[in-house]
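In: pasting the sequence and the predicted coordinates here, then a few questions.
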Amino acid sequence: MFLSRDKSVIGVDIGSSSVKLVGLKRSKGLYSLEYFQIAPLEPETIVDGTIVSKDNIIDKIREMMVHNSIKAKNVSTSVSGHSVIMKKFSYPYMTQDELEENIQWEIEQYIPFDRDDVYYDVQIIDGNDMVNEAGKMEVILVAAKKEVVNEYTDIFVEAGLKPMIMDVDAFAIENMFQLNYPGYDNDVVALVNIGATITNVNILESSASAFTRDINIGGNLYTSEIQKQMNVSMEQAESLKLGGDFGAPMETTEAVIPQEVGGIIRSVSESITGEIQRSLDFYAASSAKGRVSRIFLMGGSSKIPSLSNVIETKLELPVEIVNPFKEIEVNQEKFNFEQIQEVSASAAVAVGLAMRELGD
């Protein structure tokens, strides 16, 4: 039982390059923005999905809470990557309680981890309406390694907060999408969240998750390839990656040919597109629903010059960059609206997390 009537939580997305914080207020089904901040992390704080410097993250979260004068303690956060398994499969028809009882004895046939090493949850998709002709229903299983989940929850506890909800990135962006982009109930769409080191793919059929995949590739690949191929510092490579204007030369320790930067960015964009294509192919091989009709792109790397054009051209699908605040009221006296719009695609996971409520 909760001691407070307030079921809201602060959404905090810990990425490999930054921490994103979002607070929302809900009234009569409508959302308004209460808090929003994106704070960069020191380099090498998180490497290849492994937290190297926990103290850096704890200090950053504390600073963000003070900066925004947040008194609330309840937090919603998420994990993704190789430590998380999401699997959809058919299962004999039964109630949710019966499913949870049975799956604990069978979970190891669905995941590559020992049962004792993971936290897991299983849900019937769309209630009992999904029972097929064979008398089976579609369910989705999510399992995450305990050591990773515990490491993230410890961060919030040490920061003086209460981690109340642990989600996964793919479902957080689904939550955000359903609020901001209604009208796709009869379509198959792909949500693609491109972060610094991980890309989350969530394909929705009739507004329900039908396929998810976390890919260990992201925006940092642009930086590392520019740095390696052009022999510039990581800082200069990051600047070149985000510049977007290749018409004028940039001064670096080496001669930089703008066309070469554009070529590197296009090459990396094609690599990322190839992984997205592979995900769509995996989905198509296991679904009778047909072809994905549209891709919704989000994440800090989604606005890299040419990426959306490469995806659209190579996959022959319309691509739209998501605005996670599209249906959320933003007080322009309190927030810099233009600045929020500039970085909004990075907030997709945090918005989805902030939409969660205690007990849902």
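Out: Nice, thanks for sending it over.
In: which residues does stretch 37-51 contact?
Out: 14-21, 52-53, 56-57, 60, 63-64, 67-68, 81-83, 151, 155, 197-198, 216, 234, 343, 346-347 (C-beta atoms under 8 Å, 6 or more residues apart in numbering). The C-beta positions use only the backbone N, C-alpha and C, and glycine is treated the same way.
In: let's see that with 7 Å instead.
Out: The contact list for stretch 37-51 (C-beta atoms under 7 Å, 6 or more residues apart in numbering) reads 16-21, 52-53, 56-57, 60, 64, 67-68, 81-82, 151, 197, 343, 346.
In: show me what contacts Ser344?
Out: 323-325.
In: nearest to Lys334, of those residues?
Out: Ranked by distance to Lys334 (C-beta to C-beta), the contacts of Ser344 are led by Phe325 at 13.1 Å.
In: distance of the closest residue to the closest one other than its chain neighbours from Thr199?
Out: Sequence neighbours aside, Ser344 is the residue nearest to Phe325 in space, at 5.6 Å (criterion: C-beta to C-beta, 6 or more residues apart in numbering). Here the criterion is C-beta to C-beta, to the nearest Å. By it, Ser344 lies 18 Å from Thr199.
In: same for the helix or strand hosting Val351, what does it pack against?
Out: Per DSSP states H and E: Val351 is located in helix 348-354. In terms of contacts (3 or more C-beta pairs under 7 Å, 6 or more residues apart in numbering; DSSP states H and E), helix 348-354 is packed against strand 10-14, strand 18-27, strand 74-79, helix 169-180.
In: ok but Ile295 is inside a strand, no?
Out: Yes. Residue state for Ile295 (DSSP: H, G, I helix; E, B strand; the rest coil) corresponds to a strand.
In: in this structure it contacts Val192, no?
Out: Yes. The criterion here is C-beta atoms under 7 Å, and Ile295 meets it with Val192 at 5.8 Å.
In: those two: which has the busier surroundings?
Out: Neighbour totals were compared for Ile295 and Val192, and Val192 leads with 26 against 22 (other C-beta atoms under 10 Å).
In: beyond the helix-or-strand element of the chain with minimal mean pLDDT, next helix or strand please.
Out: Lowest mean confidence among the helices and strands of the chain (mean pLDDT, DSSP states H and E): helix 234-243, at a mean of 83. Per DSSP H and E, the first helix or strand lying C-terminal to helix 234-243 is helix 258-286.
In: next, the buried residues of that following helix.
Out: Buried residues in helix 258-286, counted by 16 or more other C-beta atoms under 10 Å: 261-262, 264-265, 268-269, 272-273, 276, 279-280, 283-284.
In: just checking, what packs against that helix?
Out: strand 188-194, strand 199-205, strand 208-215, helix 220-230, helix 307-315.
In: which residues touch the nearest residue to Asp185 once chain neighbours are set aside?
Out: Distance criterion C-beta to C-beta, 6+ apart; nearest residue to Asp185, sequence neighbours excluded, is Ser207 at 5.1 Å. The contact partners of Ser207, by C-beta under 7 Å, 6+ apart, come to 178, 184-185.
In: out of those residues, which are buried?
Out: 178, 184.
In: got the phi and psi for the spatially closest residue to Leu99 that is not a sequence neighbour?
Out: Leaving aside its sequence neighbours, Leu99 sits nearest to Val122 (C-beta to C-beta, 6+ apart; 5.9 Å). Dihedral pair for Val122: phi -130, psi 140, per degrees, to the nearest 10.
In: who does Val122 bridge with?
Out: The partner list for Val122 in beta bridges (DSSP bridges) reads Leu141.
In: let me see the contact set for it.
Out: By C-beta under 7 Å, 6+ apart, the residues touching Val122 are 99-100, 103, 139, 141.
In: among those, which ones are in strands?
Out: Counting by DSSP state E, the part of the contacts of Val122 found in strands is 139, 141.
In: let me have the contacts of Val122 in JSON lines, adding neighbour count as columns.
Out: What follows is these, written out as JSON lines (neighbours: other C-beta atoms under 10 Å):
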{"residue": "Leu99", "neighbour count": "19"}
{"residue": "Glu100", "neighbour count": "14"}
{"residue": "Ile103", "neighbour count": "16"}
{"residue": "Val139", "neighbour count": "20"}
{"residue": "Leu141", "neighbour count": "20"}
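In: and of the contacts of Val122, the nearest to Lys241?
Out: Of all the contacts of Val122, Leu141 has the smallest distance to Lys241: 37.1 Å, by C-beta to C-beta.
In: a markdown table for the helices and strands packed on helix 258-286, including mean pLDDT and distance to Ile46?
Out: Below are these laid out as a markdown table (pLDDT from 0 to 100; distance: least, C-beta to C-beta, whole Å):
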| stretch | mean pLDDT | distance to Ile46 |
| --- | --- | --- |
| strand 188-194 | 97 | 16 |
| strand 199-205 | 95 | 16 |
| strand 208-215 | 92 | 15 |
| helix 220-230 | 93 | 11 |
| helix 307-315 | 95 | 23 |
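In: Ile107: which of these is closest?
Out: Taking the helices and strands packed on helix 258-286 one by one with C-beta to C-beta, strand 208-215 is closest: 17.5 Å.
In: in the closest one, which residues are buried?
Out: The neighbour-count criterion (16+ other C-beta under 10 Å) identifies 209-215 as the buried residues of strand 208-215.
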